[in-house]
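Undergrad: Give me the fold of what follows.
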Amino acid sequence: MNKLQKYKISVIISGGQTGADRGGLDFAIKNKIPHGGWCPLGRKAEDGKIPSIYSLIETTTPLYPARTRMNIRDSDATIIFSSDINSKGSTLTIKFCIELKKPYFIVILERKKIKDVTVPDITFKNLLKWLNKNKPEILNIAGTRESHFLGIQKIVKNILEKVIEKSAKEKEWPPKRPATPNLIFD
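TA: Numbers count the residues shown, from 1 in each chain. Next comes the predicted model:
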């Protein structure tokens, strides 16, 4: 792949779950990009408590949908890294993006062999095109958990390395908003 012109981002947020969420946060930390996001009460994740290295704010509920909705609400756009776009989490993320009128981009990750994941060059180009069209300053990273796709945390971090860099533009995080919005779940 030829060297791509990277997109400049001000803040990366996510819910802190293992896998795609933490891949986004790890990328931000490594590249000194401000990060944050909402996480469930008690910093709940599938592996126990979300480590304190991630600067996340707890919602007032331990339910995952609240943090998903709040991260979409408080971002300019969302990238969903998924191995199963029909999963409960990916479906809910897409639903909230549509409901809140926020742009989203889906990166489908498929395992070709037990330890081999190939991301076509066209995915990087399309992701950059989408970023340049939507111009998010605060980007939400969502997607599959590590237990459902072993290695996705590192894969997401590596994909973001290829397409994003830190912006010189400062953006405030956390936003001045209520801790929990009016949440209605079907």
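
Undergrad: Which residues does the longest helix belonging to the chain contact?
TA: Of all the elements of type helix in the chain, the one with the most residues (DSSP state H) is helix 121-134. With C-beta atoms under 8 Å, 6 or more residues apart in numbering as the contact definition, helix 121-134 has outside contacts at 1, 4-7, 76-77, 79, 103, 105, 107, 159, 162-164. In this view, the C-beta of every residue, glycine as well, is placed from N, C-alpha and C.

Undergrad: What segments of this structure are helices?
TA: When secondary structure is read from DSSP H, the chain shows helices at 20-30, 64-73, 88-99, 121-134, 152-163.

Undergrad: Remind me what the shortest one packs against, helices and strands.
TA: With contacts defined as 3 or more C-beta pairs under 8 Å, 6 or more residues apart in numbering; DSSP states H and E, helix 64-73 has these neighbours: strand 38-39, helix 88-99, strand 138-143.

Undergrad: Out of the helices of the chain, which gets nearest to Pro175?
TA: Comparing the helices of the chain by their distance to Pro175 (C-beta to C-beta), the top pick is helix 64-73, with 8.9 Å.

Undergrad: That closest one: which residues count as buried?
TA: Taking 16 or more other C-beta atoms under 10 Å as the neighbour-count basis, helix 64-73 is seen to contain the buried residues 64-73.

Undergrad: Could you do stretch 127-137 as well?
TA: Buried residues in stretch 127-137, defined by neighbour count with 16+ other C-beta under 10 Å: 127-128, 130-131, 136.

Undergrad: How about stretch 15-28?
TA: Within stretch 15-28, the residues that count as buried by 16+ other C-beta under 10 Å are 15-28.

Undergrad: burial of Gly37, as a residue count?
TA: Residues within reach of Gly37, counting by other C-beta atoms under 10 Å, total 30.

Undergrad: Report the central residue of the chain.
TA: Centrality entry for the chain: nearest residue to the mean C-alpha point is Ile141, 0.7 Å, by C-alpha atoms, centre = their mean.
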